[in-house]
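>>> got a structure for you, letters missing:
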C-alpha cells in the first residue's frame with residue numbers, strides 16, 4: 001500500500017514537473033517570437049522611468065531612445081509582414097492542393113467517353129468491369145482488349161461482374177431500371193428492356209467471356225454473377241477508372257490512377273467480386289469458333305447456369321450472335 005502511494009506521489013510530482021517545463025517552454029517561445037516588440041517596449045519603459053525620476057537625463061538620450069523604439073516598431077512591422085507573406089504562400093499552396101484533389105474526378109460527355117475508354121484499353125494489362133449485363137463490354141471492350149493483348153503479346157487479366165441471369169429478381173430489377181430511363185419509342189420493340197432480355201444479355205456476356213478465354217492464350221478472365229443490379233458501370237484499367245451510365249447523354253466520370261479515389265474503387269470492385277458467385281470457366285469443354293446450340297446448352301450446364309427449358313433453338317442462337325457478333329449499343 002505504501003509502495004502504491006509512493007508511486008502515485010512520484011507520478012504526480014513528475015506530472016507537475018512536466019507541466020511547469022511546458023509552461024516555461026511556451027513562455028520562452030513566445031518571448032523569442034515577440035522579441036522585437038519586447039525590446040522596443042523595454043527601452044521605452046526604461047527611458048520613460050529615467051525621464052520621470054531623473055532630472056539629469058539629456059535630451060539626446062531621450063531622442064535616441066525614441067529613435068530606437070521607432071526602429072524596433074518598424075522591424076516588428078516588417079517581421080510581421082514577412083510572417084503574413086509566408087502564411088499567405090502556405091495558404092495558396094494548400095488551396096492549390098485542395099483544387100488538385102477536387103480535380104481527381106473529370107467529367108466526360110459525348111465522344112469524350114469513347115475516347116477515354118479507348119485510351120484506357122490501349123496499354124492496359126487488366127480490365128475490371130462491374131455493371132448490368134455487359135453489352136458494351138461484350139461488343140467493344142473485350143474484342144479490343146484481346147486484339148491489343150495479342151498484338152503486343154502481353155498478359156491480360158479481366159474480371160467481369162454482372163447480374164446473375166438465373167436470378168429472376170435481379171433481372172427484373174435491372175430491366176425495370178433500364179425501362180425507366182429508356183426512349184419511349186423502344187417500348188413494344190426488340191429494344192425494350194424486359195426480364196427476358198436482361199437474362200439473355202447476361203448469358204451472352206458469360207458465353208463471350210468463356211469463348212475469348214478459350215481462344216486467347218494471353219487472357220485470363222473471371223466471371224462473377226451478382227444478385228444486386230448496378231445502376232452504374234465501372235471500367236477499370238491500369239491507367240484510370242471510367243464510370244458511366246446506361247444513357248450516353250448523361251455525364252460520365254474519369255478517375256486517374258494517381259488519385260486516391262482510384263484505389264478506393266479498386267477495393268470496392270474487389271469486394272463486390274468477393275460477394276458475388278464466381279463461375280468455374282475451366283469446367284466446360286472447348287467451344288468451337290461458332291458454337292452450336294447443343295454446345296451452348298452443354299456449356300451453361302457445365303458452369304451451373306442451365307438455360308431455361310422454354311427457350312427455343314432460335315433463342316439460343318440469338319445468345320451466340322449477341323456473344324460473338326455483337327453490335328455496339330451506343331454506335
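Received the coordinates, thanks. On a predicted model such as this, the values are computed, not experimentally measured, just so you know.
>>> Backbone torsions only: list them for residue 253.
Backbone torsions for residue 253, taken as degrees, to the nearest 10, come to phi -130, psi 150.
>>> Stretch 242-257: end-to-end distance?
End-to-end distance for stretch 242-257, by CA to CA, to the nearest Å: 11 Å.
>>> Now do it: everything it contacts.
Contact with stretch 242-257 is made by 104-110, 112-113, 116-117, 120, 132, 177-178, 181, 231-236, 238-241, 261-262, 265, 330, as judged by CB atoms under 8 Å, 6 or more residues apart in numbering. Every C-beta, even on glycine, is put in place using the N, C-alpha and C of the backbone.
>>> Of these, just the buried ones, ChimeraX syntax please.
To isolate the buried members of those in ChimeraX, using 16 or more other CB atoms under 10 Å:
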select :108,113,116,117,120,132,177,178,233,234,235,236,239,240,241,262,265
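>>> Strands - which of the contacts of stretch 242-257 land there?
105, 106, 107, 108, 233, 234, 235, 236, 240, 241 (DSSP state E).
>>> Which two of those have the greatest separation?
For those, the maximum inter-member distance is 18.0 Å, found between 107 and 236 (CB to CB).
>>> quick one on the thing from earlier: so for the ones in strands among the contacts of stretch 242-257, which is the shakiest by pLDDT?
Of all the ones in strands among the contacts of stretch 242-257, residue 105 carries the smallest pLDDT score, 81.
>>> Show the contacting residues for that one.
Taking CB under 8 Å, 6+ apart, we find residue 105 in contact with 253, 254, 255, 259, 261.
>>> Okay, and the beta partners of it?
With DSSP bridges as the criterion, residue 105 is bridged to residue 255.
>>> Roughly how far does it sit from residue 323?
33 Å (CB to CB, to the nearest Å).
>>> For burial, what's the neighbour tally of residue 164?
22 (other CB atoms under 10 Å).
>>> so what's the backbone phi/psi at residue 161?
The phi/psi pair for residue 161 (degrees, to the nearest 10) is phi -120, psi 110.
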